[in-house]
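# Fold the stuff below for me.
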Amino acid sequence: MPIIGNIILPDFPLLLAPMEDVSDPPFRRLCKLHGADLMYSEFISSEGLIRDAVKSKMKLDIFDYERPVGIQIFGGDEEAMEMSSRIVDAVQPDLVDINFGCPVKKVVCKGAGAGVLKDVDLMVRLTKAVIKGTSLPVTVKTRLGWDENSINIDEVAERLQDIGVQALTVHARTRAQMYKGHSDWSHIERVKNNPRITMPIFGNGDIDSPEKALEYKNKFGLDGMMIGRAAIGYPWIFNEIKHYFATGEHLAKPSIFDRVEAARNHLTWSMDWKGERVGIVEMRRHYTNYFKGIPNFKEHRLKLVTLDDAEGLFKTLNEIQEVYADYQVF
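The predicted model follows:
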């Protein structure tokens, strides 16, 4: 079983990926409820933390029921990374994770996220700065390399482990691929099979079904896997995968009742954490995923994404539960 610092994870853990504007405490709470073993905050700008930016500070909120949970930071400046890791240390998550994988232009332009893949020496210096600033285990999430002509994950893994990184998650795409094309886990398998590598190696990219999870588990021999987009509006995926691993059988799909309950909880927790107005607005992006594939849903969806009051939204969710009570979800 993978060990990160003093965190002992179950055999082949399932991790929830840090996703900007998605992996907040209400969403993480749902994923934890449905089987996620280790979760991360949305990625937080080191500069934002130091400037005391309210949005960055709010992302430091973690709750005991989420543990083990990591806070993920990114940045391209050593001093800022060290200072922000001190700030994170004070909040006492279970680990600090560094994002060297985000492919988004505004992050890469600052020499952060996947931008660091072009300069492994800088990546090492930034990581050392974070390790210096915290007493917590430090882990890293990155990609295979900048593009297919510069896949350098083998060197990255060895050098990060040498300076004290305690686990590595690899999104099996290059920066150039963004989120397109196929992920290629064979590169991560090679890192895992390197006799010098002793830290846990987790794979990420394209895991969207129990069958694929089992296939990749057996084929690549990693220590666990991280799930991102497939969990949006579908937190059940974690327990579905675990059940399939254990029995070779599929759990029943979440019923309309399950979906409404998840959406209701998500909305309630969002309003509790963000305040009613922001909670309502930021929840809108999730409804389509919760009710994906349900026929003649347009009218209900329109209400969910336009109503401005909690009472109206809860009423709409109750209506959905009644209207589709006998609908079989496949």
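# and after the worst-scoring helix or strand of the chain on mean pLDDT, which helix or strand comes next?
Within the chain, no helix or strand scores below helix 105-108, which has a mean of 72 by mean pLDDT, DSSP states H and E. Downstream of helix 105-108, the first helix or strand assigned by DSSP states H and E is helix 120-133.
# now for that next one, which elements pack on it?
helix 78-91, strand 95-100, strand 138-143, helix 153-162 (3 or more C-beta pairs under 8 Å, 6 or more residues apart in numbering; DSSP states H and E). All C-beta spots, glycine's among them, are computed from the backbone N, C-alpha and C.
# could I get the ones you listed as TSV with distance to residue 68, mean pLDDT and mean neighbour count?
What follows is these, written out as TSV (distance: least, C-beta to C-beta, whole Å; pLDDT from 0 to 100; neighbours: other C-beta atoms under 10 Å):
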stretch	distance to residue 68	mean pLDDT	mean neighbour count
helix 78-91	14	94	19
strand 95-100	7	94	26
strand 138-143	11	95	26
helix 153-162	20	96	18
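# got TSV for those, with distance to residue 51 too?
Listed next are these as TSV, based on distance: least, C-beta to C-beta, whole Å:
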stretch	distance to residue 51
helix 78-91	10
strand 95-100	18
strand 138-143	23
helix 153-162	28
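# just to revisit the earlier point, C-alpha coordinates for the least confident helix or strand of the chain, PDB please?
Output in PDB follows, covering the C-alpha atoms of helix 105-108 (Å, rounded to 0.1, in the frame of the first residue of the first chain):
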ATOM      1  CA  LYS A 105      -1.700  29.700 -21.100                       C
ATOM      2  CA  LYS A 106      -2.100  32.300 -18.400                       C
ATOM      3  CA  VAL A 107      -0.300  29.900 -16.000                       C
ATOM      4  CA  VAL A 108       2.300  28.700 -18.400                       C
END
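# any residues touching it, and which ones?
Helix 105-108 is contacted from outside by 74, 102, 113, 114, 115, 175, using C-beta atoms under 8 Å, 6 or more residues apart in numbering.
# Just give me the closest of those to residue 284.
Among the contacts of helix 105-108, residue 102 lies closest to residue 284 (C-beta to C-beta), at 23.7 Å.
# so where does the closest one fall, helix or strand?
Short version: residue 102 belongs to no helix or strand, going by DSSP H and E.
# how about the nearest residue to it, chain neighbours excluded?
Excluding the flanking residues, the one nearest residue 102 by C-beta to C-beta, 6 or more residues apart in numbering is residue 113, at 3.3 Å.
# would you list every one of the helices in the stretch 201-330 of the chain?
For the stretch 201-330 of the chain, applying DSSP state H, counting those that start in this stretch gives helices covering 210-220, 237-247, 256-274, 276-290, 298-306, 310-323.
# got those helices as JSON lines, with distance to residue 89 and mean pLDDT columns?
Converted to JSON lines, the helices of the stretch 201-330 of the chain look like this (distance: least, C-beta to C-beta, whole Å; pLDDT from 0 to 100):
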{"stretch": "helix 210-220", "distance to residue 89": "33", "mean pLDDT": "97"}
{"stretch": "helix 237-247", "distance to residue 89": "28", "mean pLDDT": "97"}
{"stretch": "helix 256-274", "distance to residue 89": "23", "mean pLDDT": "96"}
{"stretch": "helix 276-290", "distance to residue 89": "28", "mean pLDDT": "93"}
{"stretch": "helix 298-306", "distance to residue 89": "39", "mean pLDDT": "94"}
{"stretch": "helix 310-323", "distance to residue 89": "37", "mean pLDDT": "96"}
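# Reformat those as TSV; add mean neighbour count and distance to residue 58.
Below are the helices of the stretch 201-330 of the chain laid out as TSV (neighbours: other C-beta atoms under 10 Å; distance: least, C-beta to C-beta, whole Å):
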stretch	mean neighbour count	distance to residue 58
helix 210-220	16	32
helix 237-247	18	25
helix 256-274	18	8
helix 276-290	17	10
helix 298-306	14	23
helix 310-323	16	21
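# between the ones you listed, which gets nearest to residue 25?
Of all the helices of the stretch 201-330 of the chain, helix 256-274 comes closest under C-beta to C-beta, at 5.5 Å.
# how far off helix 276-290 does the closest one point, in degrees?
Following axes from the mean of the first three to the mean of the last three C-alpha atoms, to 10 degrees, one obtains 150 degrees for the angle between helix 256-274 and helix 276-290.
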